[in-house]
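J.: Fold the following.
(chains A and B)
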2 protein chains.
Amino acid sequence: MGGGRGGPVAIVAGSGRLPDLLSARLQAHGVEHRILALRGFAGSSVRRRAQASVDLLDVKRTLGTLDTWAPSAVALVGGVQRPNPAAVLGALAAFRNRHELADLLARGDDHLLRGVIGLFEERGHAVAGLQDLAPELLARAGVLGRVSPRDGASRSIAIGFDVLDRLSPFDIGQAVVVAGRRVLGVEGPEGTDRMLARVRPSRLAGLFAGPARTGPILVKTAKKGQDLRVDLPAIGPRTLERAARAGLEGVAIGASCTLVIDEPETVAAADRLGLFLVALDRASLAQESQ
Amino acid sequence: MGGGRGGPVAIVAGSGRLPDLLSARLQAHGVEHRILALRGFAGSSVRRRAQASVDLLDVKRTLGTLDTWAPSAVALVGGVQRPNPAAVLGALAAFRNRHELADLLARGDDHLLRGVIGLFEERGHAVAGLQDLAPELLARAGVLGRVSPRDGASRSIAIGFDVLDRLSPFDIGQAVVVAGRRVLGVEGPEGTDRMLARVRPSRLAGLFAGPARTGPILVKTAKKGQDLRVDLPAIGPRTLERAARAGLEGVAIGASCTLVIDEPETVAAADRLGLFLVALDRASLAQESQ
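T.: Here you go, the predicted model:
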């Protein structure tokens, strides 16, 4: 390719199956792409197919490679499992002044990644997300498994979305657990799995069991106005397992803004555990909340 | 007294020093009062001075005693250390129909207590809070200890109050931890102490240490429009100790709506641990937040 911006899509690939999934989707769409594997993170199948590899913190080499490829878009996908933020800052130090670094740092993880994206964009790269390149990988609205939420669940779900909406301006988690009209937990930097581990169903659960009385529900979605390229909410089979262990009744996610990692397996886990898994459009929920 | 509503103030006394503190304040104000001790909760000094004792769940006897006293106001003070909610519901069952009980239950702890208060009010009793009877027991605005918050802290504190304001419509905790502009934790039903135990200072802490860079801060205050008779936010010496252990820099509370349990001891703990302790008026913070 080279030269113009009509080059391939560049996948900057971290860990997990997502880089492979995106690559397969692009191939299915007939979109030319190249993979820049992050050493120590990208899995073996991704690394084998990658055109180049870089160290996560070798910002200079990453920018150099992208300049050579002149991609039509750059996608950062897959995990980098919480790199030491100090090391990330160190790597950015050559490109950002002390004041900017301190600002990124005070604002939290989101903003560190935003700093990296900003760096790419300053070099003229278009940074794209899954929602741009392969929106079919994001949850589509509807009940995803065999179990449907009971009538009483809709109120709890609406409250969960409402809480997350109100917290959108802040750098904080993307998930809450709601039982009835009570918020049992708000995810912080510890992540969804650890929040689920500390949420205990109320001792009241089951006391008034009946069709209208539903158990706790995990609600996870993107912040309002969130840059999905920076932080795409995700759930997977493990989320369902943790949810079941915490005594939850089901999981509700935001449609078109949440990634279901390995959807067939995740749905199978929900079915096996008897949990509902539903994706909802934010707009359709606006009325439901109290 | 008997007859009219010009009787004594009735203190329905749970555990801790608060019943004694309130009694002492009422005495200082020359306000006649009687104590109805909750068996198993009220401490020995309170029990000795009580005119009557009841079991927490003996609603009928409690109402009967109050009817006899015809108090000018009833105050529920002191802890009842999370009585089994099922037992509370059982005790209320004679006074509330199944639908009302299910509703109280779905709404959470706040509403259980509100149910008890409602019961008292239906019988014609005026239920008062500390803020009515002895407002001097609530935190007054200002820096309470020797350590003053650094300039950079005001932004984090304003964000904390802002988050709590936004969560006010929901039945959820009254405290958050904020570092820089990042929310590290939102208190759920686990309470402030356990939230502090799980909040870990960011690995970034200290990386850009300097006058403008402050550590995490605990912010605790009442919900907007909260009924302080139902749930008065409180801190004490132990809160300061847990805060210090979690690596916090200080504690900010809402003035006039937060109880500082044993204020001299709490302030001494803050001073000894090098933490600031400041009480702020919500109104003065409205501008500060982002």
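J.: Please enumerate the helices of the stretch 51-200 of chain A.
T.: A:59-69, A:85-92, A:98-107, A:109-122, A:130-133, A:153-166, A:192-198 (DSSP state H, counting those that start in this stretch).
J.: Which elements pack onto the last one?
T.: Packed against helix A:192-198, as judged by 3 or more C-beta pairs under 8 Å, 6 or more residues apart in numbering or on different chains; DSSP states H and E, are the following elements: strand A:175-179, strand A:182-186, strand A:217-220, helix A:237-245. C-beta: built from backbone N, CA, C; applies to glycine.
J.: how about 6 Å then?
T.: Here helix A:192-198 touches helix A:237-245, going by 3 or more C-beta pairs under 6 Å, 6 or more residues apart in numbering or on different chains; DSSP states H and E.
J.: so after the helix it packs on, what's the next helix or strand?
T.: Counting by DSSP states H and E, the next helix or strand C-terminal to helix A:237-245 is strand A:250-254.
J.: just to revisit the earlier point, among the helices of the stretch 51-200 of chain A, which is the most enclosed?
T.: With neighbours defined as mean count of other C-beta atoms under 10 Å in any protein chain shown, those peak in mean count at helix A:153-166, which reaches a mean of 22.
J.: any residue of that one up close to chain B?
T.: Yes - applying C-beta under 6 Å from any C-beta of the partner chain, one finds helix A:153-166 touching chain B at A:163, A:166.
J.: Return the distance of that helix from the chain's centre.
T.: Distance of helix A:153-166 from its chain centroid, counting by C-alpha atoms, centre = their mean, to the nearest Å, is 19 Å.
J.: Could you do stretch A:59-78 as well?
T.: On C-alpha atoms, centre = their mean, the centre of stretch A:59-78 falls 21 Å from that of its chain.
J.: One more: stretch A:153-171?
T.: 17 Å.
J.: What is the burial count for residue A:135?
T.: As a burial measure, residue A:135 scores 12 neighbours (other C-beta atoms under 10 Å in any protein chain shown).
J.: any idea how far residue A:230 is from it?
T.: From residue A:135 across to residue A:230, the span is 17 Å (C-beta to C-beta, to the nearest Å).
J.: residues near residue A:182, how many?
T.: As a measure of burial, residue A:182 has 24 neighbours, counting by other C-beta under 10 Å.
J.: Would you check that it makes contact with residue B:171?
T.: Yes - counting by C-beta atoms under 6 Å, residue A:182 does reach residue B:171; the two are 4.8 Å apart.
J.: re the thing from before, so can I have a markdown table of the helices of the stretch 51-200 of chain A showing distance to residue B:259 and mean pLDDT?
T.: As requested, these are arranged in a markdown table below (distance: least, C-beta to C-beta, whole Å; pLDDT from 0 to 100):
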| stretch | distance to residue B:259 | mean pLDDT |
| --- | --- | --- |
| helix A:59-69 | 51 | 91 |
| helix A:85-92 | 37 | 70 |
| helix A:98-107 | 31 | 66 |
| helix A:109-122 | 35 | 76 |
| helix A:130-133 | 48 | 91 |
| helix A:153-166 | 26 | 94 |
| helix A:192-198 | 26 | 90 |
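J.: now these in JSON lines, with distance to residue B:266?
T.: Converted to JSON lines, these look like this (distance: least, C-beta to C-beta, whole Å):
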{"stretch": "helix A:59-69", "distance to residue B:266": "48"}
{"stretch": "helix A:85-92", "distance to residue B:266": "34"}
{"stretch": "helix A:98-107", "distance to residue B:266": "29"}
{"stretch": "helix A:109-122", "distance to residue B:266": "34"}
{"stretch": "helix A:130-133", "distance to residue B:266": "50"}
{"stretch": "helix A:153-166", "distance to residue B:266": "31"}
{"stretch": "helix A:192-198", "distance to residue B:266": "27"}
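J.: Look at the residue of the stretch 151-290 of chain A found nearest chain B and say how many residues are nearby.
T.: Nearest residue of the stretch 151-290 of chain A to chain B: residue A:180, at 3.3 Å (C-beta to the nearest C-beta). If you count neighbours by other C-beta under 10 Å, residue A:180 ends up with 27.
J.: Report the separation between residue A:29 and residue A:42.
T.: Applying C-beta to C-beta, the value for residue A:29 to residue A:42 is 22 Å.
J.: Oh, that last question was meant for residue A:127, not what I typed.
T.: Between residue A:127 and residue A:42 the computed distance is 18 Å (C-beta to C-beta).
J.: who does residue A:278 bridge with?
T.: In this entry, residue A:278 is beta-bridged to residue A:143, residue A:252, by DSSP bridges.
J.: And it, how far from residue A:157?
T.: 8 Å.
J.: shared neighbours of those two, anything?
T.: Jointly contacting residue A:278 and residue A:157 under the rule C-beta atoms under 6 Å, 6 or more residues apart in numbering or on different chains are residue A:252.
J.: re earlier: the residue of the stretch 151-290 of chain A closest to chain B and residue B:60, how far apart?
T.: Taken as C-beta to C-beta, the span from residue A:180 to residue B:60 is 28 Å.
J.: quick revisit: more crowded one of residue A:127 and residue A:42?
T.: Between residue A:127 and residue A:42, residue A:42 has the larger neighbour count (other C-beta under 10 Å), namely 28 against 21.
J.: contacting residues for the closest residue to residue A:275 other than its chain neighbours?
T.: Using C-beta to C-beta, 6 or more residues apart in numbering or on different chains and skipping the chain neighbours, the partner closest in space to residue A:275 is residue A:250 (4.9 Å). Applying C-beta under 6 Å, 6+ apart to residue A:250 gives the contacts A:149, A:217, A:275, A:276.
J.: go again using 8 Å as the cut-off
T.: A:147, A:149, A:153, A:217, A:218, A:243, A:270, A:275, A:276, A:277, A:278 (C-beta atoms under 8 Å, 6 or more residues apart in numbering or on different chains).
J.: Distance of the first one relative to chain B?
T.: It stands for residue A:147. Here the criterion is C-beta to the nearest C-beta, to the nearest Å. By it, residue A:147 lies 21 Å from chain B.
J.: what residues are up against that residue?
T.: Residue A:147 neighbours (C-beta under 8 Å, 6+ apart): A:250, A:270, A:271, A:274, A:275, A:276, A:277.
J.: give me phi/psi at it?
T.: Backbone torsions for residue A:147, taken as degrees, to the nearest 10, come to phi -90, psi 130.
J.: Give me the pLDDT value at it.
T.: Predicted confidence (pLDDT) for residue A:147: 96.
J.: Is it correct that residue A:182 is in contact with residue B:173?
T.: No - between residue A:182 and residue B:173 there is no contact under C-beta atoms under 8 Å: 11.1 Å.
J.: Any regions of the stretch 151-290 of chain A where pLDDT drops low?
T.: Scanning the stretch 151-290 of chain A for pLDDT under 70 picks out A:200-213, A:285-290.
J.: One more pass at 80, please.
T.: A:171, A:200-214, A:230-231, A:282-290 (pLDDT under 80).
J.: and of the helices of the stretch 51-200 of chain A, who's closest to residue A:7?
T.: Shortest separation from residue A:7 across the helices of the stretch 51-200 of chain A is recorded for helix A:59-69, at 5.7 Å, computed as C-beta to C-beta.
J.: Can you tell me what sits against that closest one?
T.: A:1-2, A:7-8, A:10, A:12, A:34, A:36, A:51-52, A:54-55, A:74, A:91-92, A:94-95, A:116, A:119-120, A:123, A:125.
J.: Of these, just the buried ones, ChimeraX syntax please.
T.: ChimeraX command restricting the contacts of helix A:59-69 to the buried ones, with burial defined by 16 or more other C-beta atoms under 10 Å in any protein chain shown:
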select /A:7,8,10,12,34,36,52,54,74,91,92,95,116,119,120,125
